[in-house]
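1. okay, sequence plus prediction incoming.
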Amino acid sequence: MPRVFVITGPSGVGKGTLIKLLRERVPELELSVSATTRDPRPGEHDGVDYHFLSDEEFERRVAAGEFVEHAAYSGRRYGTLRSDLERRTSAGHPVVLEIELQGARQVRRTLPEAVQIFIAPPSGDALRTRLIGRGTEPPEQVESRLHVAEDELKAEHEFAHRVVNDRLEDAVERLVALVRAELS
Ligand code: 5GP
């Protein structure tokens with residue numbers, strides 16, 4: 001089976017940007033499109049950024065065993081669809097899952113061969129500044145995400161690989177090197 005990479009880290013740490021740059025440098029790597037019950041942000045498209053589902057549809061799919069992992073995060077649900085992941089791996093592509101901590105822990109049990117990578121911020125302040133600067137969440141969501149981040153940061157030691165997102169270009173270099181080493 002092709003390699004599966006799990007990339008975790010608190011909201012605002014820059015996972016999305018890092019993964020975008022990583023995939024430009026490692027083009028065979030595909031990103032699994034998750035399902036979520038949160039609303040699309042401006043510019044996000046169904047089936048591209050996420051599969052946007054109603055609460056009922058998400059629950060139906062949980063009950064049908066359609067998720068590799070799923071979790072509640074900041075009042076919404078998120079999960080990796082087995083169909084999406086398997087379609088990519090069975091086509092021979094290595095896949096990256098961009099997921100939060102609870103999901104990463106589930107994948108550690110169900111797919112122990114997956115490579116788990118934690119993206120850490122240079123400091124807690126950097127996280128706050130980035131989340132506020134991004135402007136994608138209302139203030140109460142920013143606070144809720146920073147609250148979750150406190151626990152997520154404590155779990156850093158659970159991960160075999162850690163990349164600190166200090167200077168973006170340095171962090172991308174480290175991530176590319178790590179992924180290439182696992183793929184070779
Ligand atoms: P956002 O709302 O900012 O897109 O995502 C919120 C959090 O949910 C992020 O930490 C993101 O990595 C995580 N997330 C996205 N997709 C999934 C998924 O399929 N499963 C889990 N467990 N977390 C996800």
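-> Received the coordinates, thanks. Residues are numbered from 1 along each chain as shown.

2. burial check on the closest residue to the ligand within the chain, number of neighbours?
-> Residue nearest to the ligand within the chain: residue 103 (2.3 Å; CB to the nearest ligand atom). (Glycine included, C-beta is placed from N, CA and C.) A total of 23 residues lie near residue 103 under the criterion other CB atoms under 10 Å.

3. and what of residue 114?
-> So residue 114, with other CB under 10 Å, has 19 neighbours.

4. other residues contacting whichever helix or strand residue 146 is part of?
-> Assessed by DSSP states H and E, residue 146 sits inside helix 139-154. Contact partners of helix 139-154, identified using CB atoms under 8 Å, 6 or more residues apart in numbering, comprise 8-12, 73-75, 100-101, 120-121, 124, 127-128, 131-132, 137.

5. sorry, back to before: for the residue of the chain closest to the ligand, which non-adjacent residue is closest in space?
-> residue 69 (4.3 Å; CB to CB, 6 or more residues apart in numbering).

6. what lines up beside the helix or strand hosting that neighbour in the sheet?
-> If you go by DSSP H and E, residue 69 is part of strand 67-73. According to DSSP bridges, strand 67-73 forms sheet pairs with strand 76-81 (antiparallel).

7. right, is the partner strand up against the ligand?
-> Yes: Strand 76-81 lies within reach of the ligand by CB under 6 Å from any ligand atom, at 78, 79, 80.

8. now that strand: mean pLDDT?
-> Averaged over strand 76-81, pLDDT sits at 98.

9. tell me what angle that strand forms with helix 139-154.
-> For strand 76-81 against helix 139-154, the angle by axes from the mean of the first three to the mean of the last three CA atoms, to 10 degrees is 50 degrees.

10. so for strand 76-81, what gets flagged as buried?
-> Buried residues in strand 76-81, counted by 16 or more other CB atoms under 10 Å: 77, 78, 79, 80, 81.

11. which bits of the protein sit near the ligand?
-> 11, 15, 34, 38, 69, 71, 73, 78-80, 98-100, 102-103.

12. does anything pack onto the lowest-mean-pLDDT helix or strand in the chain? Which helices or strands?
-> Every helix and strand in the chain was compared by mean pLDDT, DSSP states H and E; the lowest is helix 124-134, with a mean of 87. Helices and strands touching helix 124-134, by 3 or more CB pairs under 8 Å, 6 or more residues apart in numbering; DSSP states H and E, are helix 139-154.
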